[in-house]
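**Q** any chance you could fold what I've pasted below:
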Amino acid sequence: EKLKLDCDALLSCALKPRETQEGGKTVKAFVVGKTRSYFRMGALEYLEANRTKEMGTQSLSIQRYLRGWLVRKGGKEAENKRRKAVFKVQQWFKETQRKVQAVEDAKKARKAAKKKAERERIAREKAEKKAAAAREARLAKEKAEREAREKAEREAEEARIKKEKEAVAKREKKEKEMKDKFEKDHDKKIKKYKKSIKDKEKELDMKEKQYETQINEMEDEATKAEEERDNVLEEIAKEEAKIAAIPLLSDKEKKKLEDSTEIINYLRKENKKLRASTTQLRKDFDTMQENNKRLLEANAYAGASFEALNEQSKKNNSNNSKLMQNLDKYKKQNTKLKEDLRMRQGYYDAEAQIRVNYQKAMAQIMEMIQDQCDDAQLTEDILVLALECESEAKSELAAAEANN
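**A** Numbering: from 1, shown residues only. I've put the predicted structure just below:
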């Protein structure tokens with residue numbers, strides 16, 4: 001039923017112009033049934049005609065929209081092509097303009113560099129002139145101070161040399177006196193040793209002669225005693241032979257024999273004592289000869305040691321004089337080195353002051369550039385260049401100080 005009503009409403013709206021009035025009633029051009037719709041004559045054609053008409057209108061709208069879209073699409077493509085062409089032209093123009101600007105900037109940079117170099121040259125010449133004038137004034141002042149100082153140092157050096165000469169003269173005089181005293185003492189000691197050695201030699205000779213005399217006497221006594229012993233032994237042998245020939249001895253003869261035996265024993269003991277004393281005297285004589293040799297060797301060693309000490313004293317005096325000469329030479333060299341160091345220190349101080357003034361001037365120039373220059377890139381390049389120059393100068397200064 002609802003579908004029927006919807007269909008009735010749709011067709012009533014569509015076929016409203018085909019309605020007719022019959023007997024005061026409105027007759028529609030269609031009839032809607034339950035399952036079908038029926039049209040009067042001419043209603044279906046009317047619908048077809050209206051459908052064709054409306055379709056033509058819709059197709060016109062579609063064509064209009066489509067043609068508009070195609071036109072707009074073509075316009076957009078043309079616009080894109082134009083924009084690309086314009087972009088290429090602009091890019092070429094900008095590239096050309098950039099190259100021209102780069103050439104102009106290079107020209108301006110060269111001109112600015114020339115002007116800067118000229119300004120730096122003029123400023124450097126002025127600074128050099130000013131530094132030269134200051135250096136000349138400083139050198140003149142230093143020359144006057146140096147002459148005054150050299151005069152004072154020369155006077156002090158002369159006074160010192162005079163004092164040193166006096167001290168050297170006193171020392172040489174004292175050394176000479178000590179040397180003379182040493183030589184006198186040495187001569188006295190040598191004479192004393194020689195005298196004592198001569199006395200010992202004389203004493204040894206006397207004792208040797210005395211011992212030789214005693215030995216000779218003892219040898220003579222020993223010889224005599226041996227001869228007496230031999231004689232006594234011969235007599236004893238004779239007496240023994242006589243006794244052997246005699247069968248019995250009397251008491252008197254026995255007593256005489258005992259006395260002879262005692263005398264022989266006594267002579268033997270005395271002979272032994274003489275031999276022992278002779279041996280002891282020979283040992284003492286040998287000991288005395290050894291002592292004499294040792295004394296002679298000690299005398300020779302003492303003389304050699306005194307000669308060595310004398311030579312050492314001469315060498316020490318020569319070395320002392322050479323050392324004094326070297327000391328004077330080194331003192332002069334030290335004075336020259338001090339003067340050279342003072343001059344170099346003054347030159348270094350002046351250079352350092354000039355460098356400080358130059359750094360201050362550069363700092364002021366950089367501040368003026370930063371305040372007044374509108375080109376940020378140029379200002380940045382100048383700052384970078386100034387910092388590079390500053391770092392290079394610091395590195396060179398550090399290297400120079402390290403080398404010094």
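
**Q** the stretch 1-150 of the chain: strands as residue ranges?
**A** Here the stretch 1-150 of the chain has its strands, by DSSP state E, counting those that start in this stretch, at 20-22, 25-27, 30-32, 37-39.

**Q** tabulate the ones you listed (CSV), appending mean pLDDT.
**A** CSV is the format used below for these (pLDDT from 0 to 100):
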stretch, mean pLDDT
strand 20-22, 79
strand 25-27, 81
strand 30-32, 83
strand 37-39, 84
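
**Q** identify all contacting residues around stretch 330-346.
**A** If you take C-beta atoms under 8 Å, 6 or more residues apart in numbering as the criterion, stretch 330-346 is touched by Arg138, Glu142, Arg146, Glu150, Glu153, Glu157. (Glycine included, C-beta is placed from N, CA and C.)

**Q** 7 Å - rerun?
**A** Arg138, Glu142 (C-beta atoms under 7 Å, 6 or more residues apart in numbering).

**Q** buried ones in it?
**A** By 16 or more other C-beta atoms under 10 Å, the buried positions in stretch 330-346 come out as Gly346.

**Q** same deal with stretch 260-277?
**A** Ile264, Leu267, Asn271, Leu274.

**Q** export only the CA atoms of it, formatted as CSV.
**A** The C-alpha coordinates for stretch 260-277 follow below in CSV (Å, rounded to 0.1, in the frame of the first residue of the first chain):
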residue,chain,number,x,y,z
SER,A,260,193.1,-32.5,83.1
THR,A,261,189.6,-33.9,82.4
GLU,A,262,188.0,-31.0,84.3
ILE,A,263,190.2,-28.5,82.4
ILE,A,264,189.1,-30.1,79.1
ASN,A,265,185.5,-29.9,80.1
TYR,A,266,185.9,-26.2,81.1
LEU,A,267,187.6,-25.4,77.9
ARG,A,268,184.8,-27.1,75.9
LYS,A,269,182.2,-25.0,77.8
GLU,A,270,184.2,-21.8,77.1
ASN,A,271,184.5,-22.8,73.5
LYS,A,272,180.7,-23.3,73.3
LYS,A,273,180.1,-19.9,74.9
LEU,A,274,182.5,-18.2,72.5
ARG,A,275,180.8,-19.9,69.5
ALA,A,276,177.3,-18.8,70.9
SER,A,277,178.5,-15.2,71.4
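
**Q** chain center to that stretch, what's the gap?
**A** 97 Å (C-alpha atoms, centre = their mean, to the nearest Å).

**Q** stretch 112-130 now?
**A** 41 Å.

**Q** one more: stretch 20-38?
**A** 127 Å.

**Q** related to what we said a few turns ago, closest to Lys174 out of the strands of the stretch 1-150 of the chain?
**A** strand 37-39 (165.6 Å; C-beta to C-beta).

**Q** how far does that closest one sit from its chain's centre?
**A** That offset, for strand 37-39, works out to 123 Å (C-alpha atoms, centre = their mean).

**Q** and it, what's buried?
**A** Phe39.

**Q** what's the answer for stretch 152-172, then?
**A** Under 16+ other C-beta under 10 Å, the buried positions of stretch 152-172 are Glu164.

**Q** what does that stretch contact?
**A** Counting by C-beta under 7 Å, 6+ apart, Met324 sit against stretch 152-172.

**Q** returning to what we had before: mind putting the buried residues of stretch 260-277 into JSON lines with distance to Gln101, pLDDT and secondary structure?
**A** Shown next, in JSON lines, are the buried residues of stretch 260-277 (distance: C-beta to C-beta, whole Å; pLDDT from 0 to 100; DSSP: H, G, I helix; E, B strand; the rest coil):
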{"residue": "Ile264", "distance to Gln101": "159", "pLDDT": "75", "secondary structure": "helix"}
{"residue": "Leu267", "distance to Gln101": "156", "pLDDT": "75", "secondary structure": "helix"}
{"residue": "Asn271", "distance to Gln101": "150", "pLDDT": "73", "secondary structure": "helix"}
{"residue": "Leu274", "distance to Gln101": "147", "pLDDT": "77", "secondary structure": "helix"}
